[in-house]
Each structure stands twice: as C-alpha cells, then as structure tokens.
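Engineer: For reference, the sequence and a predicted model appear below.
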Amino acid sequence: MQDNGLRELSARAKEEGAAYPKKRFVYSRIEHHLGERIFIALVGPRGAGKSTLLKQIHHKADASFYISFDSIGTINLFNVSKELMESGIRLLLLDEIHAYPGYGRELKKIYDFLPSLQVVFTSSSSISLHETTYDLSRRVRLIPVPSFSFREFIFFAKNEEIDPISLTDLANTARCKAYYGQNMQFEPLFESYLTGGVYPFTLSHQDTIFQFQNMLDAIIERDMVRISRITLAESSDVRRMLTFIGKSPSEGISYSSISQNIGVDKIKTQRYVELLEKAFVLRRVLPKGTNVTKEPKILFTPPYRLLYRQYDECIGDLREDFFVDAISRLKIELNYLKGTRGEKTPDYLVGSVVCEIGGRNKGRSQFKGFTARKNKIIFTQPGMLDDMRRPLFFAGMLE
C-alpha cells in the first residue's frame with residue numbers, strides 16, 4: 001500500500017479517540033448503523049465535532065482504518081481502500097473528504113466493487129457534502145451532527161445528563177413545574193450557551209466570536225467560492241447580505257428586503273441564502289396564513305448574529321434564532337405567522353402549538369385573534385412558568 005504515513009496517522013487517531021471519553025448524543029445513532037451495507041455521511045456545521053466522532057469510533061472498532069485528507073499527500077483512494085480491505089479492514093473512516101478531488105466518484109467505486117468495506121465519512125464543507133451525497137443517493141445514509149442542544153451543552157459543560165422534555169409535556173403545566181424544579185439551576189448557563197456554547201470547541205476556547213468569524217470566512221472563501229463557484233465579487237455581495245441581516249431586526253427579513261437593500265437581484269439572493277443554509281449559518285422559515293406571500297423569514301443559527309451586534313442589542317432576535325434552531329431539530333412542521341395587513345401576530349406555529357418568544361413582559365395580548373387554538377405558549381427569558389408561560393431554555397431540552 002502506498003503509505004504516505006497513513007498507518008502512523010491512523011494509529012495516532014485511534015489513540016486520540018481514547019482521549020475523548022464523553023460522546024456526542026448522536027454517537028449511539030451512528031454506532032447503530034455500523035455494519036450495515038450502506039455508507040454513512042456525517043453532516044453538520046464546522047466545529048460540531050465530526051472528526052472527534054470518527055476517532056471515537058476508530059478507537060472502539062477492531063478492524064477500522066482512519067484517513068484524514070487534511071493530513072496526507074496524494075493517494076489513490078480506491079486502490080488504498082482495496083488494499084486495506086484485502087488486509088482485513090472492514091470499516092474505513094474518511095475525514096475531511098472534500099479535500100480529495102472527485103471523492104463522489106471514488107466512493108461509488110468503493111461501494112460497487114469493495115462490498116466488504118463500510119465507509120463513514122465527514123466533511124467540513126457541508127455544501128460539498130450536501131451536493132455529493134445527493135449524487136450517491138441510495139448508497140449513503142445521512143446522519144446529522146448538529147451543534148449542541150442546550151441539554152447536550154449542560155452534559156458536556158457540567159457533566160449532568162438530564163432527561164429531555166417533549167412538546168406534548170410543554171402543554172402540561174404540572175409536568176413543566178416539576179421539570180423546572182428539577183433543572184432551574186441550569187438556567188444561568190443559558191446566556192453562555194446563546195453566546196457561543198452551541199459548539200463543542202467553545203468549551204476549551206475563550207475568544208469564541210473570533211473563532212466563529214474564522215469559520216464564516218472559511219465557509220464563504222472555501223465552500224462558496226471554490227465549491228459552489230461563486231465569484232469573488234459575489235462573495236462580497238454575500239458579506240454585505242450577512243451584514244444587512246445581522247444589523248437588522250429579524251422581523252421582515254426576506255429575499256425581497258435583502259434584494260432591495262443590498263442591490264442584488266432576488267434570484268441571486270435566494271441562491272446565497274440557500275448555500276448559507278446548507279452551511280448551517282442561516283435558516284429559512286416559511287409563513288403560515290392565507291393570502292400571504294410565500295417568501296421565507298430568514299434567521300441566523302446561533303451565535304452568528306453576534307458577529308454584527310452586541311448581545312444586549314440583539315437579544316430578541318437571538319432568542320428567535322435559538323428557538324427556530326431548537327425546533328428545527330425535531331423534524332416537525334414549523335412556520336412563522338404572518339397577517340395579511342401587517343397586524344401583530346404571534347411568532348411561530350409549531351405543529352398545532354402557537355408560540356411567542358420574548359422577555360418577561362410578553363402576555364396574553366400577543367394571542368389576540370388566535371382564541372380558537374387551544375395550545376398557546378409564551379417562551380420567556382428570563383424564565384417564567386404559569387398556565388401559559390414556559391422558560392425559553394425548555395426549547396433546548398426538547399426531544
């Protein structure tokens with residue numbers, strides 16, 4: 001086998017896997033699918049811990065081999081994979097696979113001609129991984145590796161494993177009071193979570209906002225320019241777009257408002273937003289209501305908004321960023337509510353539950369015109385709990 005230091009690097013990665021005894025909550029799901037006749041793609045934002053997950057799997061597995069394409073020279077992936085399979089390797093762990101040119105084609109060959117070999121692969125370029133796994137279709141199982149939920153943040157920061165709460169439980173005031181009584185001591189951590197604790201790497205870094213700026217630069221300059229082939233001039237438009245979104249209230253941010261304010265046509269604006277959603281920087285929420293425009297509301301994923309405004313200046317919008325991100329993990333219907341004449345409506349509809357997000361001053365008046373709906377919840381920060389109000393951090397405990 002053309003070595004290129006591969007065996008030494010694989011052995012080192014196996015040792016490094018032992019240095020991380022705590023495992024992301026998604027680890028058990030990945031482990032469940034090991035041994036199946038399908039490849040696994042770990043899809044998630046930069047900094048979510050995908051490389052660490054591969055090393056943890058490698059440490060535990062008997063017949064595995066780890067390759068990081070960030071750390072090696074040129075190799076022929078198919079030939080190396082064939083030799084590894086013939087030497088007894090059954091699990092191939094490929095990290096940062098976007099750095100290998102034409103990796104989609106090579107993965108197809110491995111799947112079709114090396115049936116004894118299972119592959120788990122990651123990429124820091126989520127845009128590249130989205131596009132390539134679409135081409136691989138039936139050969140690949142996509143497993144999301146999201147940023148931390150608040151519940152997972154508590155587990156890693158405080159070594160406390162807390163039971164989740166369900167959306168159904170949120171409608172039960174007695175159940176919520178009991179849950180709050182058990183876990184209210186963690187609420188003071190919520191601000192640290194909102195301001196950067198959503199990612200594993202922030203547990204050991206101080207200047208987290210600087211790190212997020214570096215990640216955003218990499219997304220624009222590497223993923224969007226090199227992979228999605230936007231031009232350098234267009235990358236400047238992307239940065240102006242993000243600055244406009246970041247410095248504006250989240251209410252009313254849509255393709256049209258962005259296009260009008262930065263002078264880029266709506267088709268390009270939509271493309272930029274879609275690429276940044278694939279890179280886990282922005283998130284779109286479609287409206288719910290009759291006779292309303294179908295343009296989505298556009299939010300950041302936490303904590304990217306803090307690159308453009310201070311925490312105290314944008315706390316209302318940051319709360320919405322968090323809520324939408326938390327609910328989106330549940331894979332249930334989420335829409336923002338919009339009136340036909342610009343009248344005030346509650347913020348979101350989650351399944352059949354009408355939700356408002358805000359501070360302690362939020363009250364029943366927010367639901368004027370929604371009396372027909374039984375399930376109405378106000379999520380507040382700081383937390384309050386009565387027949388209608390729930391602490392906002394509860395959304396980060398949902399499962």
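Structural biologist: The structure has been received and is ready for your questions.

Engineer: Check whether Asp169 sits in a helix, strand or coil.
Structural biologist: Following DSSP: H, G, I helix; E, B strand; the rest coil, Asp169 is assigned to helix.

Engineer: Look up how far Tyr180 lies from it.
Structural biologist: Distance of Asp169 to Tyr180, given as Cβ to Cβ, to the nearest Å: 11 Å. The way it works is simple: take the backbone N, C-alpha and C, and place the C-beta from them, glycine included.

Engineer: Now do Tyr27: how many residues are near it, please.
Structural biologist: Residues near Tyr27, counting by other Cβ atoms under 10 Å, number 17.

Engineer: middle-most residue in the chain, spatially?
Structural biologist: With distances taken as Cα atoms, centre = their mean, the residue of the chain nearest its centroid is Pro146 (3.8 Å).

Engineer: care to break the chain down by domain?
Structural biologist: Following automatic domain parsing, one gets these domains for the chain: 6-144, 162-397.

Engineer: The stretch 251-399 of the chain: strands as residue ranges?
Structural biologist: Ranges of strands in the stretch 251-399 of the chain, per DSSP state E, counting those that start in this stretch, are 282-285, 287-288, 297-300, 334-337, 348-350, 353-358, 376-380, 389-391.

Engineer: got a pLDDT number for Met1?
Structural biologist: We note a pLDDT of 56 for Met1 in this prediction.

Engineer: should've said Cys176
Structural biologist: pLDDT, Cys176: 97.

Engineer: now what about the helix or strand hosting it, what contacts it?
Structural biologist: Element membership for Cys176 (DSSP states H and E) is helix 173-183. Contacts to helix 173-183, defined as Cβ atoms under 8 Å, 6 or more residues apart in numbering, come from residues Ile162, Ile165, Asp169, Leu170, Gly383, Leu385, Asp386, Asp387, Arg390, Pro391, Phe394, Met397.

Engineer: how about the helices in the stretch 201-350 of the chain?
Structural biologist: Assigned by DSSP state H, counting those that start in this stretch, the stretch 201-350 of the chain shows helices spanning 208-218, 232-247, 255-262, 266-278, 311-328.

Engineer: likewise the stretch 51-200 of the chain?
Structural biologist: All helices of the stretch 51-200 of the chain, identified by DSSP H, counting those that start in this stretch, fall at 77-86, 103-113, 126-136, 150-158, 167-170, 173-183, 190-192.

Engineer: Show me where the stretch 51-200 of the chain dips below the pLDDT cut-off.
Structural biologist: Residue ranges of the stretch 51-200 of the chain with pLDDT under 70: 133-134.

Engineer: Look up how far Leu216 lies from the closest residue to Glu191 other than its chain neighbours.
Structural biologist: Sequence neighbours aside, Tyr311 is the residue nearest to Glu191 in space, at 7.7 Å (criterion: Cβ to Cβ, 6 or more residues apart in numbering). Here Tyr311 is placed at a distance of 18 Å from Leu216 (Cβ to Cβ).
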